[in-house]
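Participant: dropping a prediction and its sequence here:
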Amino acid sequence: MIEFYHVSKQYVKNQYALNDINLTIEKGEFIFLTGASGAGKSTLLKLAFKEELPSKGQILIDSFNINLIPEKKLFKLRRNIGIVFQDFKLLTRRTIYENIAIPLVIRGERKSVIDKRVHSALSLVGLTHRRNYIPEHVSGGEQQRVAIARAIVGNPKIIIADEPTGNLDTELSIEILKIFERINANGITIIIATHDKNLIKMFPKRVIRLEKGRLISDWSKEEIL
Amino acid sequence: MSLIRTSLHNAIKNIARNKLISVLCLGIIAFTLLIYGIFNYISFNLNLATREFSKSIEAIFYFKDNVDINRIENLIRRVKNNLLVEQVTFNSKNQAETNFTRQFPELKYILTEFKQSPFPASIEITFKLEYSLDTKITSFLDEIERMNIIDSKQLNTEWAKKIMTIKKFISIVGLFLSSILLLVSIFIIYNVIKLNILYRKDEIHILKLVGATNWYIKFPFIIEGALLGFFGSIMASIILFGLLKLFPTYATFMFDLIKGMINVEIIPHFIFIRLIVLGTAIGLFSSLFSTQHFLKT
Ligand SMILES: Nc1ncnc2c1ncn2[C@@H]1O[C@H](COP(=O)(O)OP(=O)(O)O)[C@@H](O)[C@H]1O
Ligand SMILES: [Mg+2]
């Protein structure tokens, strides 16, 4: 469970990237976070895994206030969250295989385990044939799928994806969304920031809409239908 | 285990990537350790020399004229019983005269002027090897000298003392130079690691976001520092070894004092071990420092 209590974020004084956000996300939910560019979607996601700190308010994950997590223990939080970054954040000097393996390597998993899980993640996003390429030698859409594979490879409890289909055509976007649905079916919480209205229409889920840093609507799946 | 292996791998890759910086860094570390090693070697040899000189500590006490023979015999008995003493020999006035004429037969005529031998009687004391330059010996000698039958003494410990003074001086100079160079080395490694951290800032940020521990991120840099120190010390050791092998050729051109004092045959291995341990430790601590400073968040 993820809870936001009166959370505000100001990068610059008197400019609210997020303004008094209250939000509860239950375990196993599938959520679209939407809004125009600059509405605060990325900021809200970054606060959840503590890449950014809130200027005000509290964020709780499984009833634990993440403000209180010391820097040294932060890795525990992040190992439970698979993140697809808007700018992918792939390691430029590593192959696609190595990039996907990172969450497992840093946990000290055995090579055989890593190999098995990376290969299944690779085939899930359809990139097996690209495994030995470095990111800059594949297309934007493929890099995005590498980012997705890396986010899911470590079996996180929560997946946070920031515009994960931004560089994909409709067909592939649907494919990726189906993968997320399948993961979600295993009880994993999925939060996807997107401004793709068609996608939201095709996959009826709870939709949270931001506008200029404020939460302006929160429609459940039933309401959408 | 795999963390160590990947860290080593990455560290070596990093060192190879920044060739210029790495070579510079290694050169300075090697130079530092070489200087340190050379001073160690000189100090080691001076120690050997001191030990060599003080092996044969002898003291000669000259008696005053007309001292009661009983008192002399008493003293000889006392000296003989002392545990430090190897050997005591008594030289009477007449024996001293005979020795003199044997050594300088052309001066024999001088002695005809005297009714009695002009040379004082003396005892010569040799000390046991294991007590060389022991303070107990010094105090024992002082004790004898204070007796009223003794006129004067002659010691051969002067050389040993001189060498000790030289050694102290060289040690201080060596320590001073080594400390400065040591600081330079620490500074260099610290900054090389800092540059590497800054160079890989994005990568570090990503690794943290996907859940790497601080230790996991620090470790490769620390290993890299240790490796720099280790390779630097290996370089220094090789150069020092070469110098010591070449040294005998040059030693013949040196003045006698040095030639007499330095035993070119012995290459003390402990110095190399010291260099390598010190080099690796410098690398380790400098990089630890650096990561502590530059990997805060
Ligand atoms: N690091 C930053 N420094 C300053 N302003 C920022 C920073 N990141 C985001 N912002 C500002 O915060 C607001 C919200 O940005 P963001 O969360 O990226 O929106 P979205 O992801 O919905 O496009 C924008 O006005 C943006 O300019
Ligand atoms: Mg964004």
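Facilitator: In hand now; what should we look at? Quick caveat: nothing in here was measured; it's all calculated off a predicted structure. Numbers count the residues shown, from 1 in each chain, chains lettered A, B, ... in the order given. Ligands and ions are numbered 1, 2, ... in the order given.
Participant: residues contacting the residue in the stretch 101-250 of chain B positioned nearest to ligand 1?
Facilitator: The minimum distance from the stretch 101-250 of chain B to ligand 1, using CB to the nearest ligand atom, falls at residue B:205 (13.1 Å). Quick note: C-beta positions are derived from backbone N, CA and C, even for glycine. Contacts for residue B:205 (CB atoms under 8 Å, 6 or more residues apart in numbering or on different chains) come out as residue A:89.
Participant: low-scoring stretches of the chain, by residue?
Facilitator: Using chain A here. Per-residue confidence for chain A (pLDDT under 70) gives these ranges: A:225.
Participant: let me rephrase: I mean chain B.
Facilitator: Ranges of chain B meeting pLDDT under 70: B:1-2, B:52-57, B:129-134, B:156-160, B:248-265, B:297.
Participant: now do the SS call for the residue in it sticking out farthest from the centre.
Facilitator: Here the centre of chain B is the reference, and by CA atoms, centre = their mean the most remote residue is residue B:115, at 53.9 Å. Secondary structure, DSSP: H, G, I helix; E, B strand; the rest coil: residue B:115 is coil.
Participant: pretty sure residue A:130 contacts residue A:143?
Facilitator: No: Residue A:130 is not in contact with residue A:143 according to CB atoms under 8 Å; the separation is 9.9 Å.
Participant: okay, now residue B:235: neighbour count?
Facilitator: 19 (other CB atoms under 10 Å in any protein chain shown).
Participant: what of residue A:189?
Facilitator: By other CB under 10 Å, neighbour count at residue A:189 equals 21.
Participant: so which helix or strand takes in residue 141?
Facilitator: This is for chain A. helix A:140-153 (DSSP states H and E).
Participant: switch to chain B, please.
Facilitator: Judged by DSSP H and E, residue B:141 forms part of helix B:135-145.
Participant: one more: residue A:20?
Facilitator: Here residue A:20 is assigned to strand A:15-25, by DSSP H and E.
Participant: you'd agree the residue of the stretch 101-250 of chain B closest to ligand 1 is in a strand?
Facilitator: No: applying three-state DSSP, one finds residue B:205 to be helix, outside a strand.
Participant: SS state for residue A:60?
Facilitator: Under the three-state scheme (three-state DSSP), residue A:60 adopts strand.
Participant: the helices in chain A, which residues?
Facilitator: With DSSP state H, the ranges of helices along chain A come out as A:41-48, A:74-79, A:96-105, A:111-124, A:140-153, A:170-185, A:197-202, A:221-224.
Participant: between those, which one is nearest to chain B?
Facilitator: Chain B lies closest to helix A:74-79 among these, at 3.8 Å (CB to the nearest CB).
Participant: what are the buried residues along the closest one?
Facilitator: Residues of helix A:74-79 classed as buried: A:74-75, A:77-79 (neighbour count, 16 or more other CB atoms under 10 Å in any protein chain shown).
Participant: same question, stretch A:125-142
Facilitator: A:125, A:127, A:130-131, A:134-135, A:138, A:141-142.
Participant: quickly list what the spatially most central residue of chain A is bridged to.
Facilitator: Closest residue to the average C-alpha location of chain A: residue A:160 at 1.8 Å, with CA atoms, centre = their mean. With DSSP bridges as the criterion, residue A:160 is bridged to residue A:83, residue A:191.
Participant: how about the residues of chain B by chain A?
Facilitator: Contact residues, chain B versus chain A (CB under 8 Å from any CB of the partner chain): B:2-3, B:6, B:203, B:205-214, B:216, B:297.
Participant: if we can go back for a sec, out of the buried residues of helix A:74-79, who's nearest ligand 2?
Facilitator: Closest approach between the buried residues of helix A:74-79 and ligand 2, by CB to the ion: residue A:78, at 19.1 Å.
Participant: from ligand 1, how far out is that closest one?
Facilitator: According to CB to the nearest ligand atom, to the nearest Å, residue A:78 and ligand 1 sit 19 Å apart.
Participant: and for residue A:121?
Facilitator: Taken as CB to the nearest ligand atom, the span from residue A:121 to ligand 1 is 26 Å.
Participant: residue A:124 too?
Facilitator: Where ligand 1 is concerned, residue A:124 sits at a distance of 26 Å (CB to the nearest ligand atom).
Participant: just give me the neighbour total for that residue.
Facilitator: By other CB under 10 Å, the residues close to residue A:124 number 19.
Participant: mind listing the helices for the stretch 1-150 of chain B?
Facilitator: Taking DSSP state H, counting those that start in this stretch as the test, the helices found in the stretch 1-150 of chain B are B:2-17, B:19-55, B:69-81, B:93-103, B:108-111, B:135-145.
Participant: which of these sits closest to ligand 2?
Facilitator: Closest approach to ligand 2 among the helices of the stretch 1-150 of chain B (CB to the ion): helix B:2-17, 32.0 Å.
Participant: next, the angle from the closest one to helix B:19-55.
Facilitator: Interaxial angle of helix B:2-17 relative to helix B:19-55 (axes from the mean of the first three to the mean of the last three CA atoms, to 10 degrees): 100 degrees.
Participant: CA-only coordinates of helix B:2-17, as PDB, when you get a sec.
Facilitator: Extracted in PDB, the C-alpha atoms of helix B:2-17 (Å, rounded to 0.1, in the frame of the first residue of the first chain):
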ATOM      1  CA  SER B   2      31.400 -12.200  -7.600                       C
ATOM      2  CA  LEU B   3      31.500  -8.600  -6.200                       C
ATOM      3  CA  ILE B   4      35.200  -8.900  -5.700                       C
ATOM      4  CA  ARG B   5      35.700 -10.400  -9.200                       C
ATOM      5  CA  THR B   6      33.600  -7.800 -11.000                       C
ATOM      6  CA  SER B   7      35.200  -5.000  -8.900                       C
ATOM      7  CA  LEU B   8      38.600  -6.200  -9.800                       C
ATOM      8  CA  HIS B   9      37.600  -6.400 -13.400                       C
ATOM      9  CA  ASN B  10      36.100  -3.000 -13.400                       C
ATOM     10  CA  ALA B  11      39.000  -1.500 -11.600                       C
ATOM     11  CA  ILE B  12      41.500  -2.900 -14.000                       C
ATOM     12  CA  LYS B  13      39.400  -1.700 -16.900                       C
ATOM     13  CA  ASN B  14      39.300   1.800 -15.300                       C
ATOM     14  CA  ILE B  15      43.000   1.900 -14.800                       C
ATOM     15  CA  ALA B  16      43.500   0.900 -18.400                       C
ATOM     16  CA  ARG B  17      41.000   3.400 -19.700                       C
END
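Participant: all good on my end, thank you.
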